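Peer 1: Fold the following.
(2 chains)
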There are 2 protein chains.
Amino acid sequence: MYYVGVDVGGTNLVAGLMNEDCEILDKASHPVDHSQTPEQLCGEIVRLAKQVCQSGGVTEKEVRAVGIGLPGQVNNKTGIVVRTPNMPFQNTPVRQLFQRQWDMPVFLGNDADCAAIGEYRSGSAKGCSPAVTVTLGTGIGAGMVVDGKLFTGFAGSGMEVGHMIIHPNGHLCGCGNRGCWEQYGSASALIQMTLREMECSRDSLLWQLCGGDRSKVQGRTVFQAARQGDETAHRVLYSYRSGVAIGLINLVNILQPEVICMGGGVSNADDDLLLDPVRELVRQGSFDKTMPTRLVRASLGNDAGVVGAAMLCDSI
Amino acid sequence: MYYVGVDVGGTNLVAGLMNEDCEILDKASHPVDHSQTPEQLCGEIVRLAKQVCQSGGVTEKEVRAVGIGLPGQVNNKTGIVVRTPNMPFQNTPVRQLFQRQWDMPVFLGNDADCAAIGEYRSGSAKGCSPAVTVTLGTGIGAGMVVDGKLFTGFAGSGMEVGHMIIHPNGHLCGCGNRGCWEQYGSASALIQMTLREMECSRDSLLWQLCGGDRSKVQGRTVFQAARQGDETAHRVLYSYRSGVAIGLINLVNILQPEVICMGGGVSNADDDLLLDPVRELVRQGSFDKTMPTRLVRASLGNDAGVVGAAMLCDSI
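Peer 2: All right, here's what the predicted structure looks like:
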């Protein structure tokens, strides 16, 4: 049998055809047209899903299911996408709209959950349990697979780990709380921390690297400056690593995963600047000092979403 | 079939005989003799387990299994009690020692896990998933049952929720970290908070209630004083409730349980002084504002340990 996964991102739709060994046999992508109606966008998803089957030489009967991964809040039980940022879906019966055009088993998943399934099926978390995948991006997304099945919580809103409070009365978060982890550990938080430190250090290399333009500061900028010995950058990274580590310590002490996969562009930083010191902080903070949880880089990159969406049918 | 559960506490051994409906048919207890060898203590557990079968009129063949719940670190896979406070067990092969005297299937569990199983099987969390039970005591213990099975993490040290960090650089915890939840939400933390506030409020009613003797301050003292309108006591409770709530918010946002059962003596305080305001704080802090997680009082009290131990065999 074959599986089709569609990763619906803010910029692109990406569809992939996968075999039972989680190998992507064919892939196709298409930019998201934000002016489309929900029906039109679903039509685009169907078209792309059919396209990869055709180009992969696979008939409809050989396809076990189609999985669709989206950012935001998704309810697989009802087949409804509750809300998703920057897209026309809102309380949209995506499964129904899809099946009107193609009669297939359709599974829906949150993008963070799909990434977790992807890493569990064929990435850095392969075969581990519990397997947690944490993505440091605009916010912090996470998913957990336990004994091969996605952990979703009671009503599908489990693993909102970016909104655990680690600094009561800390920075205000978009969710309305203060001191959420994603205000200290996300890629956006790293940029904010960098900008704050730059204001106090006018001679930092960071100013040169962004050409004097604050808006050009990215997550990678601070790692570049640190690599060149900039003290301000090292100071930023010191507190960013603490922020990342506290959330991870809490995940280790609550969930004791066999592995935590770190995804998102920030996680690609050189080991000595991020992952190694964070590992040491997490080891120190773990209640079980033997710390069996391995902290590794996610390995599928952008493919995790497609692989995870494709395998939703066997993971829910 | 029948089940036998033995709750090994710091003060007493309690054994219970249970039927398939989780009704305790017979119970026996015996003080723990701290001068005993591991072999002797295991002998005592066997004797008590046999005793409840006999007095309940149940033959050995009708017993499905014996479960033993203990505080501390327990490994059911190996049958070894790694360590347990104030007891002669340390890396003790408790299953083996038990079976030498009585050839029965023996299951071992941590006391917090047993409480969670107990509440799930016949208490406030009956049939819920995920069902989390949190006990506010000397520390904070917790267990989680998902689809009827105990969640243990990779190596049995999951759900050490008392050691999630909620105040970086906060109070030093026995585990070596700073700012662990149990420094703000346990019954001991409540007593510490009360003592600190008393120092600044020499005219507080708290001083009368403890007869001027700090060592007589208990968890319930502050609720008594608050009930009588003492301002200092209300101030203590205000910050204690925040401490309790932050940890619960994090559990809701990470695990989204269907129910959280609150156990431990402190949880028996009047609703208006503890549980109701905590519920409101948790609702406000939940990422999913529909907040489907119910926050309730645990209902089995001291029996939870016996029931949970007895049902370990069907929950692991």
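Peer 1: thought A:Pro88 was touching A:Glu39?
Peer 2: No: with contact defined as CB atoms under 8 Å, A:Pro88 does not count as touching A:Glu39 (9.2 Å). From N, CA and C alone the C-beta is placed, and that goes for glycine too.
Peer 1: Between those two, which has more neighbouring residues?
Peer 2: In this view A:Pro88 and A:Glu39 are compared by other CB atoms under 10 Å in any protein chain shown, and A:Pro88 has more residues nearby, 18 against 13.
Peer 1: Could you pull up phi and psi at the more buried one?
Peer 2: Main-chain torsions, A:Pro88, degrees, to the nearest 10: phi -70, psi 0.
Peer 1: Would it be right to say that A:Val4 lies in a strand?
Peer 2: Yes: inclusion of A:Val4 in a strand is indicated when DSSP: H, G, I helix; E, B strand; the rest coil is applied.
Peer 1: I'd like to know how far the residue of the stretch 201-316 of chain A found nearest chain B sits from A:Met144.
Peer 2: Proximity of the stretch 201-316 of chain A to chain B (CB to the nearest CB) peaks at A:Gln256, 2.7 Å away. Distance of A:Gln256 to A:Met144, computed by CB to CB, to the nearest Å: 11 Å.
Peer 1: repeat for A:Gly127
Peer 2: 15 Å.
Peer 1: Can you list the residue ranges for strands in chain A?
Peer 2: A:2-8, A:12-18, A:24-31, A:63-70, A:73-75, A:80-83, A:90-92, A:106-110, A:131-136, A:140-146, A:149-151, A:259-263, A:294-297 (DSSP state E).
Peer 1: Counting neighbours, what do you get for the residue of the stretch 201-316 of chain A closest to chain B?
Peer 2: 25.
Peer 1: Hmm, it is touching B:Ala155, no?
Peer 2: Yes: if you go by CB under 8 Å, A:Gln256 and B:Ala155 touch, sitting 6.4 Å apart.
Peer 1: what do the two both touch?
Peer 2: A:Asp288, A:Pro292 (CB atoms under 8 Å, 6 or more residues apart in numbering or on different chains).
Peer 1: Grab the longest helix from chain A for me.
Peer 2: When chain A is parsed with DSSP state H, its longest helix is helix A:231-255.
Peer 1: buried ones in it?
Peer 2: Buried residues in helix A:231-255, counted by 16 or more other CB atoms under 10 Å in any protein chain shown: A:232-233, A:235-237, A:240-255.
Peer 1: So what's the gap between that helix and the chain middle?
Peer 2: 18 Å (CA atoms, centre = their mean, to the nearest Å).
Peer 1: any idea of the angle that helix forms with strand A:259-263?
Peer 2: 140 degrees (axes from the mean of the first three to the mean of the last three CA atoms, to 10 degrees).
Peer 1: ok so, going back, give the residues shared as contacts by A:Gln256 and A:Met144.
Peer 2: A:Pro130.
Peer 1: separation between the residue located most distally from the centre of chain A and A:Ile191?
Peer 2: Taking CA atoms, centre = their mean as the measure, the residue most remote from the mean C-alpha position of chain A is A:Asp203, 35.1 Å away. Per CB to CB, A:Asp203 is found 20 Å from A:Ile191.
Peer 1: What of A:Gly148?
Peer 2: 36 Å.
Peer 1: Looking at the two, which has the bigger crowd around it?
Peer 2: Higher neighbour count among A:Gly148 and A:Ile191: A:Ile191, with 19 against 14, using other CB under 10 Å.
Peer 1: ok, that one touching A:Gln218?
Peer 2: Yes: proximity of A:Ile191 to A:Gln218 meets the contact threshold set by CB under 8 Å, at 6.8 Å.
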